[in-house]
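Enquirer: after the sequence you'll find the predicted model.
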Amino acid sequence: MTDCDLELVREVQSGNDKAFNLLVTKYQKRIFYLVYKMIRNIEEAGDLTQEIFVKAYQGLKNFKGEATFSTWLHQIAINSAINYSSGKKWKNLVSIFEVKEPEASWGNPTQVLRQAELNRTIDAAILSLPPQQRSVFILRHYEELPYQEIAKMTGRTEGALKANYFQAVKKLQKKLGHLR
Amino acid sequence: MKRMKACEKYRQQLPDFVRRMLSPEEGKELIRHLADCSICQPVLKEMETAFQVLKQENEPELPQSFWSNLTENIGTEIEKQQRKITVFKPAWVLAPAAAVAALFLVMNLFQIDRQNLARKNTLPEGSLVWLEAQPGEQNFDQVINQTLADMNQEVEKAFWEEEDIVTLLAELSDQEFETLEKKVKNEKF
């Protein structure tokens, strides 16, 4: 944890709620994108991000600083996203209506459509991974976190995490290999 | 068999190797293995392909208003939680509630039925009579004072009834004794 985070946490613990707003502003994008990559739905990722910060606020009084605030917050986010994914397995089938709109672009329409199709295929491939394996893939591939840090967040050994990551990439390779 | 075990160890390093996330030592060791291993080489190629596809993914770009709304919504949710906490504070609610309940209990338990007190001689000595509150009796002080007055009267009556005459005469002053003596002498039996 940076000293700044620790100071803000202590402020919140002593009753200054404004300090928590600063933590929200600092981490909301990171947590949102982490959740979004796990569940692949902007609106629901927004709702889940809210829930995660409320949980963090409620749990902050028991936060002793054994892990960094960032690790602790990521742990809450990953667990919430795994629970969400486990509870909504059927939603993993990406509906054509849920696919994000392509950004307004002045580029070649064929290219825009191709990009939308590619994004949709990647979404489906990532959502097909089991939630635990998916979380390891997201934390290592997108967040580029060291295994040591991921081990703290997930409570698994580094060896198990490496095996999980490899398995996830192998599965994605099967689903995405033809797109190149 | 030994070769297979080694391959398994190196294969798990392939995703990090493609993304240049291995330490220099690990990287060098893996390159030496790959140069020599015809089984791991095609696995590496396939992995590179998968990562190239993933690289083309677009992260959704969200407007600034999305982030300010998110911050605001989080703030609102937290305020709601705080209100819930403020409304339900067991320590604040339970302490006065317990005090009121205790007072009520004491008033009910210690309210003495005057009628039963008057009949206390019918009960064995030392018996306590705990009775329900008299309906309509609102003023607790009044009830207590009346009860105490009744008790004093009862005690005084019992004292005079049971006291030995000799002990009573001994307690009189000379003047009181003389007055009593005159009264008794004038009395016609």
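Expert: Arrived safely, thanks for sending. Residues are numbered from 1 along each chain as shown, chains lettered A, B, ... in the order given.
Enquirer: going forward, measure contacts and count neighbours with C-alpha atoms only.
Expert: Fine.
Enquirer: in chain A, which residue sits furthest out from the middle?
Expert: In chain A, the residue that sits farthest from the middle, by CA atoms, centre = their mean, is A:Asn108; the gap is 31.4 Å.
Enquirer: any idea of the mean pLDDT for stretch B:141-152?
Expert: For stretch B:141-152, the mean per-residue pLDDT is 81.
Enquirer: chain center to it, what's the gap?
Expert: Centre-to-centre, stretch B:141-152 and its host chain are 39 Å apart (CA atoms, centre = their mean, to the nearest Å).
Enquirer: the residue in chain A positioned nearest to chain B: how many residues sit nearby?
Expert: Relative to chain B, the nearest point of chain A is A:Gln173 (4.8 Å; CA to the nearest CA). Residues near A:Gln173, counting by other CA atoms under 10 Å in any protein chain shown, number 22.
Enquirer: could I have the strand or helix carrying it exported to PDB, CA atoms only?
Expert: Taking DSSP states H and E as the definition, A:Gln173 sits inside helix A:158-176. Extracted in PDB, the C-alpha atoms of helix A:158-176 (Å, rounded to 0.1, in the frame of the first residue of the first chain):
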ATOM      1  CA  GLU A 158       2.000 -19.700  -7.400                       C
ATOM      2  CA  GLY A 159       2.400 -23.200  -9.000                       C
ATOM      3  CA  ALA A 160      -1.400 -23.600  -9.100                       C
ATOM      4  CA  LEU A 161      -1.700 -20.100 -10.600                       C
ATOM      5  CA  LYS A 162       0.800 -20.800 -13.400                       C
ATOM      6  CA  ALA A 163      -1.000 -24.000 -14.200                       C
ATOM      7  CA  ASN A 164      -4.300 -22.100 -14.300                       C
ATOM      8  CA  TYR A 165      -3.000 -19.400 -16.500                       C
ATOM      9  CA  PHE A 166      -1.500 -21.900 -18.900                       C
ATOM     10  CA  GLN A 167      -4.800 -23.800 -19.100                       C
ATOM     11  CA  ALA A 168      -6.800 -20.600 -19.700                       C
ATOM     12  CA  VAL A 169      -4.500 -19.500 -22.500                       C
ATOM     13  CA  LYS A 170      -4.700 -23.000 -24.100                       C
ATOM     14  CA  LYS A 171      -8.500 -22.800 -24.100                       C
ATOM     15  CA  LEU A 172      -8.600 -19.300 -25.500                       C
ATOM     16  CA  GLN A 173      -6.100 -20.400 -28.200                       C
ATOM     17  CA  LYS A 174      -8.600 -23.100 -29.300                       C
ATOM     18  CA  LYS A 175     -11.400 -20.600 -29.600                       C
ATOM     19  CA  LEU A 176      -9.500 -17.700 -31.100                       C
END
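Enquirer: what are the buried residues along it?
Expert: A:158, A:161-173, A:175-176 (16 or more other CA atoms under 10 Å in any protein chain shown).
Enquirer: how about stretch B:43-52?
Expert: B:Leu44, B:Glu46, B:Met47, B:Glu48, B:Thr49, B:Ala50, B:Phe51, B:Gln52.
Enquirer: closest to chain A out of the residues you listed?
Expert: The closest of those, once distances to chain A are taken by CA to the nearest CA, is B:Ala50, at 4.8 Å.
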